[in-house]
Each structure stands twice: as C-alpha cells, then as structure tokens.
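Student: Provided below for reference: sequence and predicted model.
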Amino acid sequence: MVKRLAVGAHYGFRDWLAQRVTAVVMALYTVFFLIRVALLPAHDNAAWRGMFTGGFTKFATFLFFMALFFHAWVGVRDIWMDYVKPISVRLALHVATLFVLVGYAGWVAQILWRL
C-alpha cells in the first residue's frame, strides 16, 4: 500500500480556480462587448468613444483586462516554472513578465480614462 503525504498548500487548486474564474470573467465581458457593439447606432469613432463614456463600460473593460493579465500571469509563470530550470533565469523571467503585465495594466487604465 502506498501512503500519500497530505500537503496543505493547495497551490495547484488555487491556480486552477484562478484560471477558470478569470476565463469566465473574460467570456462574460466578450458577450457583453459584442452586444454593445452590435447595438451601436453607427460604427464610427464618435459612437465608439460614446460607448466608453459610461462608467460601467470603463469599469467592465478594466476588469476584463485585469482578469486577462492575471490569467496570463498564472499561465506564463507556470510555463517558466515547468521549463526553465536555472533559478536565476527563471526569477529574471518572472520579474520581466510581472513588470510587463503591470505596465500593460497601467497603459489600459491610461487609455480608458483618457477617453
């Protein structure tokens, strides 16, 4: 009989759940966004900008991008952990990925609240 050791971290489950929750958020936003675009009176720059003047649409779009960036962080981090063996290179890639994703988040906020 093989005796299994129980570990209390549940690290894998948390990542699995985060991937599913962020995927659901992104899927719901995609449906919302497609409906909003389909209901636009005209498909020009003024209508596009008008769609983002409401606070809810800006918030929903920002939430979508935060979910996207967290989803990407979990996925890319797992790729670095699985396939990059030298710890110093892995750490450098983690830091670079984190900086890029945080920079993208700032860029999205700047774009959304500039409209």
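Tutor: Yep, it's here.

Student: can you give me the end-to-end distance of stretch 76-91?
Tutor: Using C-alpha to C-alpha, to the nearest Å, the end-to-end distance of stretch 76-91 comes out at 12 Å.

Student: how close does the residue positioned nearest the centre of the chain sit to Leu28?
Tutor: Centrality entry for the chain: nearest residue to the mean C-alpha point is Leu68, 1.6 Å, by C-alpha atoms, centre = their mean. Here Leu68 is placed at a distance of 13 Å from Leu28 (C-beta to C-beta, to the nearest Å). Bear in mind the C-beta positions are built from the backbone N, C-alpha and C, glycine included.

Student: where do the helices sit along this structure?
Tutor: 11-38, 45-51, 55-83, 87-114 (DSSP state H).

Student: residues making contact with the shortest one?
Tutor: When you say that, I think you mean helix 45-51. Outside helix 45-51, the residues that touch it by C-beta atoms under 8 Å, 6 or more residues apart in numbering are Arg36, Val37, Leu40, Pro41, Thr57, Leu115.

Student: Counting neighbours, what do you get for the closest residue to the fifth one other than its chain neighbours?
Tutor: Residue nearest to Thr57 in three dimensions, not counting chain neighbours: Met51, with 6.1 Å by C-beta to C-beta, 6 or more residues apart in numbering. Here the count is done by other C-beta atoms under 10 Å, and Met51 has 17 residues near it.

Student: Nice, that's everything, thank you.
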